[in-house]
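> All I have is the shape, not the residue letters:
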């Protein structure tokens, strides 16, 4: 960092070397920040569940008739008889080794339930993330390039409308129209779940893809608007740039100016915001999985909420927050490789 | 600089009148520019309509519309002349429920947004005014909240606290403030760099004086625009929490109606007319607030180039 603060002629000519000297410091800074954030998640998830008014054990047993002996054994089992700080260090130690406690409703380790559901969520989220980012960036670029035109207003209007629609409601409507079927429209897609069962090999893949269509459509529809608007305003910021005038003066075709010059510059701030908005996507995933009974983390979260199965809620909260922090940190680490201006 | 004595009552009254005049002039200027945003006007009209419906609901439908015991119709009736939107599983009129539900949805959205923006403005102004470790810690916390999955945090809060409207307001309010805090802090830093703040300090203005008399009026427009935008997401968040069964079970809200519909099997029975009205109401109100917020934002900051 300090080496760059005083630009030396050597440093200026040796472009890659500047990055080489600064990058480790940048990485260390980002990783340190991520570690602090993770610690904060750990602290929050511990104390959030101590906010419960009254006795946590009474809350757990949900008003059932329990003897005093049982209450005491519950207390011992969940470590609630220890002083608060000891509970906290115990919790942190266990969480770091991957032990997130035992779910009340499934009588199974929280970690097992999570690892079971994780691949399904990754499939749904990954597919949707790629699709809505690509669609959002493409449409956002077009909207900005024809700023104020009919296409721009249509795209922006549609994006804003879809952005205002509750994802779970859109999901329910899609189920009614395309799974249950209205009037002459037959049920084209399954109402929920991830597989019909009994299929193997390629048929299984097709079956899962068939189940995947409606949840992905829902997620993409409610999320692409955000990306579109971000891309649009990032590109609008670049549009006044002198280098675009130069590119046009060279006689480049309009779409080449857009593709080669404007869009790459607008893409970086866009990607930053796309990653920051991952938190919103997590919320979308929870709702979509709930509505479509998708056997992923979101569906599990809903099941845990309705009991409420506190260890499972707590574990999932930890996993969701960690996932978002990890993704953001990864994005931070990749930027300097894409854009040498970052991290110097 | 001035020749008049600041303590003279006449001069004071004159200054106050001048300030009032300026404020009125800037309000007129604001409205003239706002009027050029067609989508903003559309949003405003929709909001006026919904506010009117919510305020007059006790006169038009009355609170007995939510009574389960003496419902007027048969369960799950299709739309008809008597029940324009059909009935729910208890035979209550859906039109009445949607109208009555607007009160809770709008109220919770408004209160949660006010709470959220108040926290955001407080943190933003103090972090911009007091530099040093306080600002560092405050912004670190803000950044952390910014990347957190907001709704997940709100859901967890609503789960561990008791089921009530207050809980929902609190859960939404304390999880959505970070964007406001960042925006307000940036604006505070810009305002505090201006020479007149230095003058105020030199004349003996303390922290409180600078923050409340100079910084706050300057960040206020931004705060208002932000409130409008956050109401939209707060209404969506309220609907989401109610849909997940975390709302107050004793009141009717749009999200709660959708949850009822799902639990009553309206989805698998293909009874789309039960699901459509509450969802449309949520979407229209959320969109209206977004349109207004974007119009206000672009009037205040034309460089943004949004909402054209």
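Noted; the coordinates are in hand. Note that the structure is predicted; figures quoted are calculated from it, not measured.
> Return the residues in contact with the residue nearest the centre of chain B.
Of all residues in chain B, the one closest to the mean position by CA atoms, centre = their mean is residue B:231, 2.3 Å from it. Neighbouring residues of residue B:231 by CB atoms under 8 Å, 6 or more residues apart in numbering or on different chains: B:109, B:110, B:112, B:113, B:289, B:293. No exception for glycine: its C-beta is placed from N, CA and C like everyone else's.
> Could you do residue B:172 as well?
For residue B:172, the contacting residues are B:108, B:112, B:115, B:116, B:154, B:234, B:237, B:238, B:241, by CB under 8 Å, 6+ apart.
> quick one: whatever helix or strand it lives in to chain centroid distance?
Assigning secondary structure by DSSP states H and E places residue B:172 in helix B:165-173. Distance, stretch centre to chain centre, for helix B:165-173: 13 Å (CA atoms, centre = their mean, to the nearest Å).
> Beyond that helix, next helix or strand please.
Per DSSP H and E, helix B:165-173 leads on to helix B:178-192 as the next helix or strand towards the C-terminus.
> Number of residues surrounding residue A:125?
24 (other CB atoms under 10 Å in any protein chain shown).
> ugh, wrong one, I meant residue B:246
Residue B:246 has 26 neighbouring residues, counting by other CB under 10 Å.
> Surely it is within a strand?
No. Counting by DSSP: H, G, I helix; E, B strand; the rest coil, residue B:246 is not found in a strand; it is coil.
> So it sits against residue B:157, correct?
No. Using CB atoms under 8 Å, residue B:246 makes no contact with residue B:157, being 9.3 Å away.
> Report pLDDT for residue A:8.
Per-residue pLDDT puts residue A:8 at 38.
> Please, which helix or strand holds the residue nearest to the centre of chain B?
Using DSSP H and E, residue B:231 sits within helix B:216-243.
> average pLDDT across that helix?
Averaging pLDDT along helix B:216-243 gives 88.
> Could you do stretch A:36-44 as well?
85.
> That stretch near chain B anywhere?
Yes. Using CB under 8 Å from any CB of the partner chain, stretch A:36-44 reaches chain B at A:36, A:37, A:40, A:41.
> Need the pLDDT of the spatially closest residue to the residue nearest to the centre of chain B that is not a sequence neighbour.
Among residues not flanking residue B:231 along the chain, residue B:113 sits closest, at 4.1 Å (CB to CB, 6 or more residues apart in numbering or on different chains). Looking at residue B:113, its pLDDT stands at 93.
> and what of the one 4 residues further on?
In this model, residue B:117 is scored at 93, pLDDT.
> just the one 5 residues further on next, same as before
The per-residue pLDDT reported for residue B:122 equals 92.
> which residues sit in contact with the residue in the stretch 101-250 of chain B that chain A sits nearest to?
Nearest residue of the stretch 101-250 of chain B to chain A, counting by CB to the nearest CB: residue B:151, 3.5 Å away. By CB under 8 Å, 6+ apart, the contact list for residue B:151 reads A:279, A:280, A:282, A:283, A:286, B:175, B:237, B:240.
> before we move on, what about residue B:293?
Residue B:293 makes contact with B:225, B:226, B:228, B:229, B:231, B:232, according to CB under 8 Å, 6+ apart.
> Spell out which parts of the stretch 151-300 of chain A neighbour chain B.
The stretch 151-300 of chain A has residues A:157, A:160-161, A:163-166, A:168-170, A:172-173, A:175-177, A:180-182, A:191, A:229, A:233, A:236, A:276, A:278-280, A:282-283, A:286-287, A:290 near chain B, with proximity defined as CB under 8 Å from any CB.
> ok, 7 Å please
For the stretch 151-300 of chain A, the residues in contact with chain B (CB under 7 Å from any CB of the partner chain) are A:160-161, A:164-166, A:168-169, A:172-173, A:175-176, A:180-182, A:191, A:233, A:236, A:276, A:279, A:282-283, A:287.
> Narrow those residues to those that are buried.
With burial judged by 16 or more other CB atoms under 10 Å in any protein chain shown, the buried subset of those is A:160-161, A:164-166, A:168-169, A:172-173, A:175-176, A:180, A:191, A:233, A:236, A:276, A:279, A:282-283, A:287.
> Residue A:279 is in contact with residue A:323, isn't it?
No. If you go by CB atoms under 7 Å, residue A:279 and residue A:323 don't touch, sitting 9.7 Å apart.
> Specify which member of the contacts of residue B:151 is nearest to residue B:203.
residue B:175 (40.4 Å; CB to CB).
> how near is that closest one to residue A:121?
Computed as CB to CB, to the nearest Å, the residue B:175 to residue A:121 distance reads 22 Å.
> Tell me the confidence at residue A:276?
For residue A:276, pLDDT reads 74.
> Residue A:295 now?
At residue A:295, the pLDDT recorded in the model is 90.
> Tell me which residues touch it, please.
When contacts are counted by CB atoms under 7 Å, 6 or more residues apart in numbering or on different chains, residue A:295 touches A:117, A:120, A:194.
> Can you list the buried residues in the helix or strand that contains the first one?
To tie it back to what came earlier, the one meant is residue A:117. Residue A:117 belongs to helix A:110-145 when assigned by DSSP H and E. Using 16+ other CB under 10 Å as the test for burial, helix A:110-145 gives A:110-111, A:113-114, A:117, A:120-121, A:123-125, A:127-129, A:131-133, A:135-137, A:139-145.
> Helix or strand next in line after it, which one?
Toward the C-terminal end, the helix or strand that comes next after helix A:110-145 (DSSP H and E) is helix A:150-164.
> Next SSE downstream of that following helix?
Following helix A:150-164 in sequence, per DSSP H and E, is helix A:167-174.
> Now tell me what touches that next one from outside.
A:214, A:217-218, A:221-222, A:284, A:287-288, A:290-292, B:240, B:243, B:258, B:262, B:267, B:275, B:279.
> name the helices or strands packed onto whichever helix or strand comes after that helix?
For helix A:167-174, the following helix or strand on the C-terminal side (DSSP H and E) is helix A:201-239. Secondary-structure packing of helix A:201-239 (3 or more CB pairs under 7 Å, 6 or more residues apart in numbering or on different chains; DSSP states H and E): helix A:110-145, helix A:150-164, helix A:167-174, helix A:263-276, helix A:278-291.
> And the next helix or strand past helix A:201-239?
Immediately after helix A:201-239, counting by DSSP H and E, sits helix A:242-249.
> List the contacts of that following helix.
The contact list for helix A:242-249, computed with CB under 7 Å, 6+ apart, reads A:257, A:261, A:262.
> any chance of the residues you listed in TSV, with neighbour count too?
Formatted as TSV, the contacts of helix A:242-249 follow (neighbours: other CB atoms under 10 Å in any protein chain shown):
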residue	neighbour count
A:257	19
A:261	18
A:262	21
